[in-house]
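1. let me see the structure of the following:
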Amino acid sequence: MQALQQIPEAALIEKIRNGDMLAFKEVFEQYWEILYKKAYFRLRSQELAEDMVQDVFTDLWAKKENLYIHSGLRNYLYSILKYKIIYWASQQTRAQQLHTHLLQRMEEMEDTILDAMEAGALQKTIAEVIHSFPENMRQIFLLRMQDFTIAEIARALQLAEQTVRNNHTAALKQLRGKLVKEYPHLPIYSLITFLFTKS
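-> Coordinates of the predicted model:
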């Protein structure tokens, strides 16, 4: 009998579709670690990363009868994991991560633009503005801060890409308006570009 490791991927997928638990176990053992590493890189939590990867394989088995993969099994599993992470992120308040992000970025700016006291006040103002956004806008804005693409966010939240773009643009406009009003002496355009673009 041919070892499962030597079976072509298409045949392995077919076996899973037909309920072959050994084939499923082979896929689990082959991909669990690389999926975990990807999840941990995003989530920075061992427990959460393990749960997320477990959910990927639970979904794979639960939907095995409709398992038709055209882009390769690795890409298929990566895609499931990515959208689970985006969905999870969209459901979180993310306040602590937001504060951490802003604090790190502002610490980089203190020597040039802000002193420590003003950086703290600015951080609080930005957090309050983001908290005041409507739910979809807040989710979109925070996901963009984490470098998810417009297309990824649209798919995860089941929104049109243009809706995602419009919400993100409106969020930046609201934030810019508030900061201009509260901190007229700061170079707001440069500040927002610095804070909300990938370093």
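2. from here on, just use CA atoms for contacts and neighbour counts.
-> Noted.
3. just the helices in the protein please.
-> Under the criterion DSSP state H, the chain contains helices at 9-17, 21-43, 46-62, 73-91, 95-109, 116-132, 135-145, 150-157, 161-182, 188-195.
4. just the ones you listed: most buried one?
-> helix 135-145 (a mean of 20; mean count of other CA atoms under 10 Å).
5. what are the C-alpha coordinates of that helix, in CSV please?
-> Extracted C-alpha coordinates of helix 135-145, given in CSV (Å, rounded to 0.1, in the frame of the first residue of the first chain):
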residue,chain,number,x,y,z
GLU,A,135,-18.8,49.8,14.4
ASN,A,136,-17.9,49.0,10.7
MET,A,137,-15.7,52.1,10.4
ARG,A,138,-13.9,51.3,13.6
GLN,A,139,-13.3,47.6,12.6
ILE,A,140,-12.0,48.7,9.2
PHE,A,141,-9.8,51.4,10.5
LEU,A,142,-8.2,49.1,13.1
LEU,A,143,-7.7,46.3,10.6
ARG,A,144,-6.0,48.7,8.2
MET,A,145,-3.7,49.7,11.1
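6. which residue sits closest to the residue nearest the centre of the chain, ignoring its sequence neighbours?
-> When CA atoms, centre = their mean is applied to the chain, the residue found nearest the centroid is residue 86 (4.0 Å). Excluding its sequence neighbours, the residue lying closest to residue 86 (CA to CA, 6 or more residues apart in numbering) is residue 156, at 6.3 Å.
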